[in-house]
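1. pasted the sequence and its predicted model underneath.
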Amino acid sequence: MTIEYILAGILLGITGVSDIKSKEISVNCLLLFVIPALLCTFYRFAQNETGVLTTMLMGLIPGILCLCLGRITKEKIGYGDAYLLLVLGMFLGLRETIGMIMIALFVTALISIVLLVLHKIKKTQSVPFVPALGIAFCLQIVCRYEVK
């Protein structure tokens, strides 16, 4: 497991707790993780790894799309979630980030159905997305190492 995955896991842990407690994600916390993401990328670039900058830049696409969707939907998709996806994309790249989003959407749907059936939430209430991203991240790691 690389330092990028460790940092992404720490970021998801911190922001997941924040999202559950206050339904907000600290921009300052996200900014703190941008610096290590850039440092990891530049270190790998200096080691002559091919495609490092492209991978990081392509990883920004899901976050950018979520920012646009947030704007179009009047923040039904929160800007904090989109900014988090930008930072995660810098760490993980496009493929990993999209996979994580797809799993997280499924997890969120399951959690929402259970909460609705148990009458714990109403149809109009939102469910925090970051904890589902954290679960998806863990599932990706477990599945990756179990498959090999």
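-> Done, it's in. Numbers count the residues shown, from 1 in each chain.
2. only C-alpha atoms from now on, for both contacts and neighbour counts.
-> Noted.
3. what about residue 67, neighbour count?
-> 22 (other C-alpha atoms under 10 Å).
4. give me the phi and psi for it.
-> The phi and psi values for residue 67, taken as degrees, to the nearest 10, are phi -60, psi -40.
5. the residue nearest to it when sequence neighbours are not counted and residue 12, how far apart?
-> Once flanking residues are discounted, residue 67 sits nearest to residue 82: 5.3 Å by C-alpha to C-alpha, 6 or more residues apart in numbering. For residue 82, the distance to residue 12 equals 13 Å [C-alpha to C-alpha, to the nearest Å].
6. quick one: mean pLDDT for the helix or strand where residue 34 lies?
-> Per DSSP states H and E, residue 34 falls inside helix 27-46. When pLDDT is averaged over helix 27-46, the result is 92.
7. in the helix ranked longest in the chain, what's buried?
-> Taking DSSP state H as the criterion, the chain has its longest helix at helix 94-117. For helix 94-117, burial by neighbour count (16 or more other C-alpha atoms under 10 Å) applies to 94, 96, 97, 98, 100, 101, 103, 104, 107, 108, 112.
8. which of these sits closest to residue 130?
-> Ranked by distance to residue 130 (C-alpha to C-alpha), the buried residues of helix 94-117 are led by residue 104 at 8.3 Å.
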